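**Student:** based on what follows, work out the 3D shape:
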Amino acid sequence: MSTYREIHGKAVKSLGTDPSAEIDAGQIWYNTSSDTFKSIVNIAAWSSAAPMITARDASNGGGTQTEAIVFGGLTGPGSPNKTALTEEYNGSGFAAGGALTTARYDLGGTGLQTAALAVGGTDGPSSLAIVEEYNGTAWSEETNIPAVRKQQAVFGTQTAAVMTAGSPALTTSFKYDGSSWTSTGALSTGRSAAAKGSGTQTAGLCVGGQVPAVTNATEEFDGSSWTAGGNLNSARKYAYGGGIQTSSLIAGGNTGSRVTSTELYNGSSWTTSSNLGTAIESGGSAVNSPSNTAGLTMGGYATAVSALTEEFNNSANVITGGAWSSGGSLGTGRYQANGQNVGTKSAGLMIGGQGSYPPSNPAVTISNVEEYDGSSWSEVTNFPTTRAMLGSVGTQTAAFAFGGYGKPGGGPNPAPSSPNFDTTFNYDGSSWTSETAMPSAIAYLTGAGTQTAALSIGGYPAVTACNEYDGSSWTGGGAMTTGRHNGSAFGIQTAAIIAGGAPGVTTDVESYNGSSWTSAATLILAKEQGGTAGTQTDGLITLGNQPNPTNSAGYNGTAWFTQPSTSTARYGGANGGTTLASAYYAGGEPSRSTTEEFTGGTSAINVKTLTQS
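**Tutor:** Below is the predicted model of the structure:
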């Protein structure tokens, strides 16, 4: 009998701790601590990823898992909701790209994020022959396809593509060379709604579809003609797909109802793999070539038009997507403390706020202070005055609170009124001490920085003024270009971002360099009274009282992109996090006691204990 060493050229090692490198995949070792044999094995799995900016189905796309593109589609039922919007995925989230020149859906697509191709489709009343190319920034119209077509499969590159199939159950195929279309071999089985095409102009696939019943037929293209390939295990239409002819992936779609099933193709047959988290059809997809070990689904139709995104990985790593999760409940539920930007998810701080609602009970400004240890909140020394809509920065044991107002109001959003405060206080983790007053009394402001290097930003009504605090005194800082209150800030005194707010500046963003403010990239999601975390070049904004409040966006210093959504919509809570990984959001209206914590995506080697069966 052959030994493991003779077969694999490796000895079975004795180790006290498990290896943690992917290059060790397939190696067997004896763990002396646990008295077991172990190995690193590949695992195939889908994980949730940041959602799209705009939910849609009947779209198309291309690219790879870390550089994908999705374009066109329907944002709601029927042709009035056709869209020209394009979004680009960077491996973490979606940012807005250049819009198609013609809004449409049920279109074909292929190519890369910087060199994509959009083919045909429909605007509702009519099928279209329009072809557009994308250069990474903008779309331009190119040579039309020879005849109008929708629900077709397209594969290849922007300058060497193939279009085949389409409604109603077409067999005809055409090649594209970047400037013109020429007829090529016909499919054996005409179909519409096939999976997004896989492969190159000389080695492609057409998979599944409707003829008029759903089909499991796979056909392979050799550059001039089609031949039968291995059948799918589950016939389906409107599936996600991609890859190359000898290593392709197909997922989701509709077999009569929407499904989660995934299949992988090796050039001759399909095998089942791990399921999607959500049964969904008719969105954009991307698969890394030349392997199908990394895929992406973008939007589609689940129980409604969806912005859901999932990533597929077949590797020695267990991939977990970033997500918000539930934390401990506040002892005193409250809202309108959103001016805070203090602490982290393992050491948070909630100061004051409004403590009662609905309108049948007066909304009362409170002085309660609570600390968070990563699992539960506990009452600590009260703030010296009842206060809401204040600014605060720093850490749980070195916080600085300033401004705000204190008069009880009569509803969920009592208007700022006397007395607004100019008083400030330091917190050392156990007690509050009075500090230098602000230049003026102000509420509905926000801040960034630390206890000894703080920045007070804006306030009611639409204040442009910003002031800097050095731990003992205030000086005037640069004025914002656009005044605002209820904005959301993150960063430090010399490198801050202010995003969104009121009145009417819900997507406006400005950047501060320690002396002056300049316009920055506009928010992709309207925000007011939202929560923040991070730095000027790696920031996060979430929640708020604008449409789609649970959506979050990240900022890399240049552009905004989507991040995982929270579970519970609210505004006006406490928030903080010096990094995205330490972000939290607590309280807010209407779920006043809820806490959510952010955890970034993780990747860990898949170590398995070997057992005898």
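
**Student:** residue 142 - how many residues pack around it?
**Tutor:** Number of residues near residue 142 (other Cβ atoms under 10 Å) recorded here: 18. Yep, even glycine has a C-beta here, placed from its N, CA and C like the rest.

**Student:** now it: closest residue in space, sequence neighbours ignored.
**Tutor:** Nearest non-adjacent residue to residue 142, counting by Cβ to Cβ, 6 or more residues apart in numbering: residue 131, 4.8 Å away.

**Student:** so that neighbour touches residue 146, yeah?
**Tutor:** No: using Cβ atoms under 8 Å, residue 131 is not in contact with residue 146; the gap is 10.6 Å.

**Student:** so for these two, which sits in the more crowded spot?
**Tutor:** Regarding residue 131 and residue 146, a neighbour count based on other Cβ under 10 Å identifies residue 131 as having more, with 21 against 14.

**Student:** what residues are up against that one?
**Tutor:** Contact analysis of residue 131 by Cβ atoms under 8 Å, 6 or more residues apart in numbering lists 117-120, 141-145, 176.

**Student:** got it, and residue 196?
**Tutor:** By Cβ under 8 Å, 6+ apart, the contact set of residue 196 is 60-61, 109-110, 153-155, 239-242, 284-285.

**Student:** my read is it is in a strand, agree?
**Tutor:** No: with DSSP: H, G, I helix; E, B strand; the rest coil as the criterion, residue 196 is assigned coil and is not in a strand.

**Student:** grab the nearest non-local neighbour of it.
**Tutor:** The shortest distance from residue 196 to any non-neighbouring residue, by Cβ to Cβ, 6+ apart, is to residue 241 (4.4 Å).

**Student:** count of residues packed around the one you found?
**Tutor:** For residue 241, the neighbour count with other Cβ under 10 Å is 29.

**Student:** same deal with residue 504?
**Tutor:** Neighbour count for residue 504, taken as other Cβ under 10 Å: 11.

**Student:** would you mind measuring from it to residue 528?
**Tutor:** Taking Cβ to Cβ, to the nearest Å as the measure, residue 504 falls 10 Å from residue 528.

**Student:** regarding this structure, what is its longest strand?
**Tutor:** Across the chain, the longest stretch assigned as strand under DSSP state E is strand 305-315.

**Student:** related to what we said a few turns ago, quick one: the contacts of residue 196 as CSV, columns for pLDDT too.
**Tutor:** As requested, the contacts of residue 196 are exported to CSV (pLDDT from 0 to 100):
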residue, pLDDT
60, 98
61, 96
109, 98
110, 97
153, 98
154, 98
155, 97
239, 98
240, 97
241, 95
242, 95
284, 96
285, 95
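
**Student:** ok, of the residues you listed, which come out buried?
**Tutor:** 60-61, 109-110, 153-155, 239-242, 284-285 (16 or more other Cβ atoms under 10 Å).

**Student:** which pair of those spans the longest distance?
**Tutor:** 110 and 239 (15.5 Å; Cβ to Cβ).

**Student:** one step back: tilt between the helix or strand containing the residue nearest to residue 196 and strand 305-315?
**Tutor:** Taking DSSP states H and E as the criterion, residue 241 maps to strand 240-244. Counting by axes from the mean of the first three to the mean of the last three Cα atoms, to 10 degrees, strand 240-244 lies at 40 degrees to strand 305-315.
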